[in-house]
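J.: Dropping a prediction and its sequence here:
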Amino acid sequence: MRRISRKHSSAGFNLVEVLIAVAILGVVAISIFTLFVMGRRNIYSGKQTSQAIAVGTQVLEDLAPLNKEMVYAGAFGITDAATGINFTLPKVSGLTAMSFTNSQIRSTNATILASPPANISNQNTPPGLITRWTTLLGTKLGPGSSITVVLTPDQDPTNTPAQFGTSQLLRIRVVVRWSETNRPREAIWDTVKAY
């Protein structure tokens, strides 16, 4: 009896035990590999979101020191008597469309604003905001990204709809859109300038 038990105990693992061990190892390895892939994707997403926040903040910082004349005539080519248009920012798959009334739109995306107004002097005072923002997008968020600025006059006691020159407030919405692994993303900032 002793001879048989010794022989059986020194035989090693059988095929079923080896298959079970390989299956457990495979499940653990796939789980760990998935965690690495998801972690890499989350890190990239966080980086892109941080870059978009930096871009939007830069746009607001560029607009903050500008007075009324510099915003209208200098940066965006808007006359004092101008009113806005009703406009819908095109829907991108996965993102909602945004509608605006009595607003002027300026964008780095040619499909949103095919050509800026003829009187825009965005290369002079301040020096080329649209051009600067396009360059900023290229270095931060890459191709396919855009900055859209929506300017809406408000609180105009003399005109309906509100005109840019006589309004007391200018509502500014900055929309930054970019693509992240073929998934559209956007970030939105709102601010108000009082005149």
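T.: In hand now; what should we look at? Please read all numbers here as calculations on a predicted model, not as lab measurements.
J.: Return the residues in contact with residue 14.
T.: Residues counted as contacts of residue 14 (CB atoms under 8 Å, 6 or more residues apart in numbering): none. Every C-beta, even on glycine, is put in place using the N, C-alpha and C of the backbone.
J.: Tell me, domain by domain, which residues of the protein belong where.
T.: 2-39, 52-194 (automatic domain parsing).
J.: Reformat those as TSV; add mean pLDDT and distance to residue 45.
T.: Output for these, formatted as TSV (pLDDT from 0 to 100; distance: least, CB to CB, whole Å):
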stretch	mean pLDDT	distance to residue 45
domain 2-39	81	10
domain 52-194	84	6
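J.: elements contacting the longest helix along the chain?
T.: Longest helix of the chain, by residue count under DSSP state H: helix 15-63. Judged by 3 or more CB pairs under 8 Å, 6 or more residues apart in numbering; DSSP states H and E, helix 15-63 is in contact with helix 129-140, strand 146-154, strand 169-180, strand 183-194.
J.: Of the ones you listed, which stretch is the most buried?
T.: The highest average neighbour count among those, using mean count of other CB atoms under 10 Å, belongs to strand 146-154 at a mean of 22.
J.: pull the CA atoms of it into PDB?
T.: Provided in PDB are the C-alpha atoms of strand 146-154 (Å, rounded to 0.1, in the frame of the first residue of the first chain):
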ATOM      1  CA  SER A 146     -12.500  74.700 -32.900                       C
ATOM      2  CA  ILE A 147     -13.200  77.800 -30.800                       C
ATOM      3  CA  THR A 148     -16.500  79.500 -31.300                       C
ATOM      4  CA  VAL A 149     -17.300  82.800 -29.700                       C
ATOM      5  CA  VAL A 150     -21.000  83.900 -29.400                       C
ATOM      6  CA  LEU A 151     -21.500  87.600 -28.700                       C
ATOM      7  CA  THR A 152     -25.000  88.700 -27.500                       C
ATOM      8  CA  PRO A 153     -25.900  92.300 -26.600                       C
ATOM      9  CA  ASP A 154     -28.200  92.700 -23.600                       C
END
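J.: and that strand, what does it pack onto?
T.: Looks like strand 146-154 contacts helix 15-63, strand 85-89, strand 98-107, helix 129-140, strand 169-180 (3+ CB pairs under 8 Å, 6+ apart).
J.: Of all these, which one is nearest residue 192?
T.: Taking CB to CB, strand 169-180 is the member of the helices and strands packed on strand 146-154 nearest to residue 192, at 5.5 Å.
J.: angle of that closest one against strand 146-154?
T.: Calculated by axes from the mean of the first three to the mean of the last three CA atoms, to 10 degrees, strand 169-180 forms an angle of 160 degrees with strand 146-154.
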